[in-house]
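J.: Okay, predicted coordinates and the sequence, questions at the end:
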Amino acid sequence: MMYKDSRKINFNTLSIIIAVTAIVFVVSLATVPAYAEPQMSKKVIVMGFDGMDPRLATKMMDAGELPNFDKLRKRNGFKPLGTSNPPQSPVAWASFTNGAGPGTHGIFDFIHRHPEKQYSPFYSASETIEGEGAWEVSDHKLQLEMWPFNHIPTQTLLKREGTPFWDYLDAVGIESAFYDLPANYPPSKSKFHNHSCLPGMGTPDMFGNPGTYQHYAEDGPVRTRDEGGGKRSMLFFEENEAAKATLLGPTNSFLKDPKPITIDFVVHRDIQANAVVIEIQDHKIILKPGQWSQWTQLEFEMSMPWFLPNEKLSGICKFYLQEVSPNLRLYVTPINIDPSNPAVQVTEPPEFIEEISEKLGLFYTTGFQEDHKARSNNVFTDAEYLNQINIVLEERLNMLEYALDRYEDGLLFFYFSSTDLPTHIFWWDSDEKHPIRKADEAKKYHGMIKKIYRKMDEVVGRVLDKYDDKATIILMSDHGFCNWKRQFNINTWLRDNGYIKPSDCKTIMSNEIDWFQTKAYGLGLNGLYLNLRGRERDGIVKPGKEREELLNELITKLKAVRDVDGKPVIRNVYRSDEIYKGPHTYLAPDLLIGYYRGYRVSWAATLGDMDEEIFKDNDSAWSADHCIDPLEVPGVLFSNRPILAENPDLTDLAPTILAEFGVDIPESMTGKNIYKKQ
Amino acid sequence: MAFLTLLITWINIATNALGKHAFSMIAVLPGWLSNTIISAVLGVIILLLIKYTSNQKAISQAKDYIKANMLALKLFKDSLAVTFISLGKLFKGVFLRLGLMLKPLLIMFIPFTLIVCQLGLWYQARPMTTGEEAMVILQLAGEIGSPMPNVAIQPTSAMDVTVGPVRAVSNRQVFWIIKAKENGTHNLTFNIDGQQVEKQLVIGEGFKRVSLERPGQNAYDIMLHPMEEPLKSDSIIQSISIEYPDRISKTSGTDWWVGYLTVVSMAFAVICMPIFKVKI
């Protein structure tokens, strides 16, 4: 009996399951959009031109100077692209990555601080966390992760939060390859091995810095001197016209007292021949003034405790001879991680960089390749910087060829920094006096930016020729550009208005600041932080009413700031609790200052220093910027398909790419598909 | 020493003739194939040399001796005394076997070194191609600090000097960067205070014999760089070298070719052991 009943029930259940499945199947066919299944053979090419400006691009297209970009414009494939707030590259590229604003990725500026340490700045996109515990052996220390030692090793962590859009492609088996992707170092892991990435901006040199050149000259300082982004040393020639010098390399962190590993080298000078021979390790390099060496592979030998063999780290650098006599000047690029034998993991997967190097040889691996610091610090002249820019560009054009040759299906992303770092130095689009150049020179060097844009147009032409009818092509920039004429020191302004105490305080970096009387401080390029109780170590501003009143007061006062000639300085002040949505707002500044074109926060204020005056002229070679109000500096968006979105935004690109591949757009993304009317 | 350098120079004359013709197939075959064929032939030659220069009977006995003691180790592992005695005998057997191989290895050492040096001329570097640049280094003899002579390269249609001469006084070296213009095997002529010295320069595609250095009176250098006649002992020049480009290949490229040759020749030797009934 029981047996019979069971059979009956099973039969009924089966009938129901079949019926429901059939209904679901029919309904699915009728309702599921055409792209519901991931489109594995689809091609999407995204090219990032960092800092490409829509005003200049439009002007050049109108003048017929950018025929390939213009071709896309004529197809309704051009719009200014809304940038992030603040319009800084790490923030913007992280927003591009997440398809959502800074509240989802937690990057709000180039520089962040640890509130619990009151003031402790670090690079926002990655941070090196010191290890804990070590086994000390003579002069050395070893960190052993295994039991019973359980030491915690020093680690560099990617600080970007949230899920990058390529993870969704990875999960459904769509391949993606990224070249020079900003704000992704150390590279995020690919769970399903369909994603490869060479990270760009944020990738350090062998010092662990964004890029530290070394400069040697007969009139250099006797003791090696640090200057932001570089080191200067003296060369002393003996009677036989040979000078010994030392190249500083990565720090040996196995030493109890960590020191840089050094390599000695000799410069032989032949004044008659107007040339030098550089002897370094097994290399002999001949250079005449104005000549660059090839990439030189160097082995940095890291001493280890006596019972372990010394470790060898491979780094690469180029030498550039500026002058032989009377003052020999020699520039050495930052020591880059050797792509053919990387000392640390640079790419995802780790072997990706070696595969590229096998085809292309050696190349810049630091995130900041154009050595703008060498120009800002007057190591390079304009012409020399331009020369170095061209070397980088040629390398990257070769890499693009490699990327295109290797590309079959899926997503290809390629990034150019040539439209950004050179632009900071050479852009000047007005008749006003340039910070350091005469009018004709300013015009000449602004012309170099146009030259780079034309070169990029050629690149676009080549990609269109090959893929216009086969792929969706998106060309974009993270922000635009404008002249930077006047510096505004937010911390001086806060001090002079009584928000930073004492009134003779010159920096928030030392003990001279009285945190128990300080209500607010500026850090980074757009951020203003309240000294909030419960958040900052020595916070005094009470959350709630006091915070609200202070924020409103600061917004009102800042908007009213006028330059000495009466010009308004600040276009808008944004409250982060109003503009940021998402789970990662803990490190966000309380206020974001959006400057008008021509103004920016002063260099001193970015790391908490105060100038004598609130305003001063920008007198550096860095004559253009974009860290102002985001509405002033949108980026560009081009596509080979009509862009239907009215006001496309950086956050729209990730969802658009996912939609192109037929992948569902996750709820965490706030952006919309640019190919649909919004 | 003078006799040794003279002897090696004479031997080089013979090995050069042999190397040029016996290995001429390298010029026409793909690198991996030529190196594989040469490795296979060398493997067989090594095997035959071992067979006819070693005491095969003694080697066989030594092998049996080792086997017997390994068996004893296995069978009497509970007996400490037998284990120790067998271990001692095992080591004795191994050393005996190595000793028996010493004679063929010594006999093979010089001829094989000469062959490897000849193969190095083909594989270690590639000729310059037209338009390519390379560094030329001239090492002067004499005390450091003594006056440097006037040195120049005579102009030739084969190449252009793009940089140099550049003198590194403290090393008594003179440097040039040259740019290849014309395919072929050429001679660069150096004028040094009226004295003329030549160095071969090879420009072209594919596999050609390339001499990296014209050596001075140094036995080791003469053996390593056999192609060109060594510089005279009273020459003001110690050596002349050209930094030819590396050949990129895992089977026949710079530095890799030696490893490939070693592994493949050993593999062939092992494979052919039963065929030729050789005991090692």
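T.: Thanks, I have the structure now.
J.: Report pLDDT for the nearest residue to residue A:431 once chain neighbours are set aside.
T.: Of all residues not flanking residue A:431 in the chain, residue A:439 sits nearest, at 7.2 Å (Cβ to Cβ, 6 or more residues apart in numbering or on different chains). C-beta coordinates here come from the backbone N, C-alpha and C atoms, glycine included. With respect to pLDDT, residue A:439 scores 92.
J.: same thing with the one 10 residues further on?
T.: pLDDT recorded at residue A:449 is 96.
J.: Check the one 3 residues further on too.
T.: Predicted confidence (pLDDT) at residue A:452: the value is 97.
J.: what number of residues lie near residue B:127?
T.: Residues contacting residue B:127 under the criterion other Cβ atoms under 10 Å in any protein chain shown number 23.
J.: how about the strands in chain B?
T.: Counting by DSSP state E, chain B forms strands over residues B:133-140, B:151-153, B:159-168, B:173-180, B:184-192, B:195-203, B:213-214, B:237-243, given from the N-terminal end onward.
J.: which residues sit in contact with residue A:95?
T.: Residues in contact with residue A:95, defined by Cβ atoms under 8 Å, 6 or more residues apart in numbering or on different chains, are A:84, A:101, A:102, A:105, A:650, A:651.
J.: could these go into TSV alongside neighbour count?
T.: Shown next, in TSV, are the contacts of residue A:95 (neighbours: other Cβ atoms under 10 Å in any protein chain shown):
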residue	neighbour count
A:84	26
A:101	22
A:102	30
A:105	28
A:650	31
A:651	23
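J.: Please list all residues in contact with the closest residue to residue B:176 other than its chain neighbours.
T.: Counting by Cβ to Cβ, 6+ apart, residue B:164 is the residue found nearest to residue B:176 once chain neighbours are left out, at 3.2 Å. Applying Cβ under 8 Å, 6+ apart to residue B:164 gives the contacts A:273, A:275, A:286, B:136, B:153, B:174, B:175, B:176, B:177.
J.: Let's see that with 7 Å instead.
T.: Listed by Cβ atoms under 7 Å, 6 or more residues apart in numbering or on different chains, the contact set of residue B:164 reads A:273, B:175, B:176, B:177.
J.: And the pLDDT for it?
T.: For residue B:164, the model assigns a pLDDT of 84.
J.: where's the closest residue to chain B within the stretch 401-550 of chain A relative to residue A:179, distance?
T.: As assessed by Cβ to the nearest Cβ, chain B sits closest to residue A:402 within the stretch 401-550 of chain A, at 16.1 Å. In this structure, residue A:402 and residue A:179 are 9 Å apart, going by Cβ to Cβ, to the nearest Å.
J.: residues contacting the residue most central in space within chain B?
T.: Centroid check for chain B by Cα atoms, centre = their mean gives residue B:117 as the closest residue, at 2.9 Å. Applying Cβ under 7 Å, 6+ apart to residue B:117 gives the contacts B:223, B:224, B:226.
J.: which one of those residues is nearest residue A:666?
T.: For residue A:666, the closest of these turns out to be residue B:224, at 64.5 Å, with distances computed as Cβ to Cβ.
J.: what residue ranges in chain A score low on pLDDT?
T.: Low-confidence segments of chain A (pLDDT under 70): A:1-37, A:40.
J.: Could you check which residue of it lies nearest chain B?
T.: Checked against chain B (Cβ to the nearest Cβ), the nearest residue in chain A is residue A:268, 3.6 Å away.
J.: wait, isn't that residue in contact with residue A:276?
T.: Yes. Between residue A:268 and residue A:276 a contact is recorded at 6.2 Å, counting by Cβ atoms under 7 Å.
J.: Between those two, which has more neighbouring residues?
T.: residue A:276 (29 against 24).
J.: neighbours of residue 139, just the number please.
T.: I went with chain A, as the question did not name one. Residues near residue A:139, counting by other Cβ under 10 Å, number 14.
J.: right idea, wrong chain: chain B
T.: Neighbourhood size, residue B:139 [other Cβ under 10 Å]: 16.
J.: what sits against the closest residue to it other than its chain neighbours?
T.: Distances taken as Cβ to Cβ, 6+ apart put residue B:238 closest to residue B:139, at 4.3 Å, once the chain neighbours are dropped. When contacts are counted by Cβ under 7 Å, 6+ apart, residue B:238 is found next to B:139, B:140, B:141, B:216.
J.: quick one: which of those residues is nearest to residue B:250?
T.: Ranked by distance to residue B:250 (Cβ to Cβ), the contacts of residue B:238 are led by residue B:139 at 32.2 Å.
J.: can you give me the helices for chain B?
T.: With DSSP state H as the definition, chain B shows helices at residue ranges B:2-22, B:31-53, B:56-75, B:80-123, B:219-224, B:256-276.
J.: So for the last one, what gets flagged as buried?
T.: This means helix B:256-276. When burial is assessed from 16 or more other Cβ atoms under 10 Å in any protein chain shown, helix B:256-276 yields the following buried residues: B:256, B:257, B:260, B:261, B:264, B:265, B:268, B:269, B:272.
J.: can you pull the contacts of residue 205?
T.: No chain was given, so I picked chain A. A:211, A:212, A:334, A:335, A:336, A:366.
J.: Hmm, no, I was thinking of chain B.
T.: Residues residue B:129 are the ones in contact with residue B:205 under the rule Cβ under 7 Å, 6+ apart.
J.: so how far is residue B:80 from it?
T.: Relative to residue B:80, residue B:205 is positioned 68 Å away (Cβ to Cβ).
J.: near chain A, which residues of the stretch 151-280 of chain B show up?
T.: Residues of the stretch 151-280 of chain B lying close to chain A (Cβ under 7 Å from any Cβ of the partner chain) are B:163, B:164, B:165, B:166, B:167, B:168, B:169, B:170, B:171, B:175, B:177.
J.: what bridges to the fifth one?
T.: By that I understand residue B:167. Beta bridges link residue B:167 to residue B:174, judged by DSSP bridges.
J.: any chance of the residues of the stretch 151-280 of chain B next to chain A in a markdown table, plus distance to residue A:53?
T.: Output for these, formatted as a markdown table (distance: Cβ to Cβ, whole Å):
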| residue | distance to residue A:53 |
| --- | --- |
| B:163 | 41 |
| B:164 | 46 |
| B:165 | 50 |
| B:166 | 45 |
| B:167 | 51 |
| B:168 | 49 |
| B:169 | 53 |
| B:170 | 52 |
| B:171 | 52 |
| B:175 | 46 |
| B:177 | 42 |
